[in-house]
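Peer 1: One predicted model, sequence on top.
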Amino acid sequence: MTVAQTTYGKVRGTEIADGIYGWRGIPYAQPPVGELRLRPPQPPQPWAGVRDATEYGLRSLQPPERFPEPGPQFGEDCLYLNVTAPAGAADNPVLFWVHGGGYETGSGTDMAGDGAAFASSHGVVVVTFNYRLGALGFLDVEGEQPTGALGLHDQIAALWWTFQNIAAFGGDPMRITVYGLSAGGKTVTNLLASPRTRGIVRRAASSSGGDHIKSQAQARALAARFFQELGTGPDGVRAVPAADILAAQMAIATPPHSSWIWRPSVDGAALTSHPLTAISAGVAAGIPLLAQTCAHECAYYQLLAPDAAEQADRVLTEYFGERGRDTLLAAYAAANPGLDDTALRVAVMSAERYLVRVGRLADAQSRHAPVYRSRYDGPYTGMPAEPEYAEWAQLAPLLDGAHGADGDAIFQGGDGLSGQLHDAWGAFVTTGDPGWARYTVEKRNAMIFDPAGPHVAADPFAGVRQAWDELDWQPGPWWRF
């Protein structure tokens, strides 16, 4: 069971839990270094013999995180994936996890861990992977084609590797569910819209997703700033050390103020039109979608950066002008009389960044396939327990229903609400139905995961949808750079 035959050679894994096997650090593309830096992923080179697959591969080059996960270090040579499967698996459903981190931080093991919980509880084969982040994954380089979405190309390459090889690990290539959270959730939208994923995605789930891509003007402005900080032009970008790439990226902005700077572009290859335009037209017809948001998404960002709410007036003015800004803020104030100015603007930020975009995605896909919508109102799960994070543990009550609060529970399960989330996702991956009424534009049902008990509500997002209904905008970074 521990040796599996892939297209490129044999890999040997190990038993990581009772009756659960894992394979780690399998290359799904060649190292994107040297002449392959800032170019699309290329198929891995075959190998002879049996390759050891018991250690995770490098994470993508990235800024340091507040909560660093144990595991390997960072580097450009990061295009590796991991597979976890229950003993005796044969044609089992597959969960393909896309990690979050704003397209600039994170790794495949974030929240998912080793995937053993789903393998054990629902017999799911779990695939996690790393992809290029930040400038290495999402910089637009003049003269290159395609450009601006190479991290998305990596994600597609990992998905195709899974389709072509997962049967060797006991998975069914015709039962692949893609699931992502935050940037991973937005990636799910892109994977549904991409012409390069036809026929390989059977189900899709997202937490705090929607859509968020760069316009051409945003891409050009970001590239100009990046090359200014790098001190060289596109012709010299492959000659500089990788550390200089990261330094230039961080000179523009660092987390959390760099959130939403790095995003895919419509590059004519991985994406050929705006994702919601393609999905509205039926490009993902027949693919069930589970879309969840959290009740107070951007409380997370306000806690990380206390100036987050202060940006709202400027951002809304740039989008809609002063009259549009005032109209929107007045609508929120009338609907939420108990909120102070900061909380009101955090609610607006939550809607602009997540709730409205996910709602429009749900509406678009519900015309072509079953859609299930939900909201998480519970506590933040997966808070680090180590003493050095005691400050964050004390702040945990401020993060009820905040961005990312649901992720650890979905993957790891547990008692109460965590177990109910885990089982809902397990049911969706295995059957395509999480266990509640569908969402349609005629009857917008949604499951509310509330600590008092999950329940279905009729159109709980009505107020947000109505406030933003006539508005259209090109999302940009929340903070100036």
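Peer 2: Okay, I see it. Numbering: from 1, shown residues only.
Peer 1: okay, and for this structure, where does confidence drop off?
Peer 2: Of all residues in the chain, those with pLDDT under 70 make up the ranges 66-72, 386-389, 392.
Peer 1: Report the distance from the lengthiest helix in it to the chain centre.
Peer 2: Determined from DSSP state H, the single longest helix within the chain is helix 312-335. Helix 312-335 has its C-alpha centroid displaced from the chain centroid by 28 Å (Cα atoms, centre = their mean, to the nearest Å).
Peer 1: Stretch 109-128 now?
Peer 2: With Cα atoms, centre = their mean, you get 16 Å for stretch 109-128.
Peer 1: Show me which positions of it end up buried.
Peer 2: 109-120, 122-128 (16 or more other Cβ atoms under 10 Å). In this view, the C-beta of every residue, glycine as well, is placed from N, C-alpha and C.
Peer 1: now do stretch 273-286
Peer 2: Quick answer for stretch 273-286 (16+ other Cβ under 10 Å): 275-276, 278-280, 283-284.
Peer 1: mind listing which of these are in strands?
Peer 2: Counting by DSSP state E, none of the members of the buried residues of stretch 273-286 fall within strands.
Peer 1: so which of those comes closest to residue 391?
Peer 2: Closest approach to residue 391 among those (Cβ to Cβ): residue 275, at 37.9 Å.
Peer 1: thought that closest one was touching residue 189?
Peer 2: Yes. Using Cβ atoms under 8 Å, residue 275 makes contact with residue 189 at a distance of 4.9 Å.
Peer 1: residues shared between the contacts of these two?
Peer 2: Each of residue 211 lies in contact with both residue 275 and residue 189 under the rule Cβ atoms under 8 Å, 6 or more residues apart in numbering.
Peer 1: Just the CA coordinates for stretch 179-189, please, in CSV.
Peer 2: Provided in CSV are the C-alpha atoms of stretch 179-189 (Å, rounded to 0.1, in the frame of the first residue of the first chain):
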residue,chain,number,x,y,z
TYR,A,179,-12.3,23.2,-1.8
GLY,A,180,-10.6,26.3,-0.8
LEU,A,181,-10.8,29.0,1.9
SER,A,182,-10.1,32.8,1.5
ALA,A,183,-7.7,33.1,-1.5
GLY,A,184,-8.3,29.3,-1.9
GLY,A,185,-12.0,30.0,-2.0
LYS,A,186,-11.5,32.6,-4.7
THR,A,187,-9.3,30.1,-6.5
VAL,A,188,-12.3,27.7,-6.6
THR,A,189,-14.2,30.4,-8.5
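Peer 1: Go through the longest helix of the chain and flag the buried ones.
Peer 2: Within helix 312-335, the residues that count as buried by 16+ other Cβ under 10 Å are 312-313, 315-316, 319-320, 325, 328-329, 331-332.
Peer 1: Tell me where the stretch 301-450 of the chain has helices.
Peer 2: 312-335, 341-350, 356-366, 390-395, 407-412, 416-431 (DSSP state H, counting those that start in this stretch).
Peer 1: again with the stretch 51-200 of the chain
Peer 2: Under DSSP H, counting those that start in this stretch, the stretch 51-200 of the chain gives helices at 116-122, 134-138, 150-165, 183-193.
Peer 1: Tell me which of those approaches residue 25 most closely.
Peer 2: Nearest to residue 25, of all the helices of the stretch 51-200 of the chain, is helix 150-165, at 13.1 Å by Cβ to Cβ.
Peer 1: contact partners of the closest one?
Peer 2: Against helix 150-165 from outside (Cβ under 8 Å, 6+ apart): 6-7, 28-29, 32, 38-41, 79, 81, 94, 96, 98, 103, 127, 129, 131-133, 136-138, 146, 171, 173, 176, 178, 187, 190-191, 194, 196-197, 200-201, 264, 269-271.
Peer 1: Using neighbour counts, trim those to the buried set.
Peer 2: For the contacts of helix 150-165, a neighbour count by 16+ other Cβ under 10 Å gives the buried set as 6, 28-29, 32, 38-41, 79, 81, 94, 96, 98, 103, 127, 129, 131-133, 136-138, 146, 171, 176, 178, 187, 190-191, 194, 196-197, 200-201, 264, 269-271.
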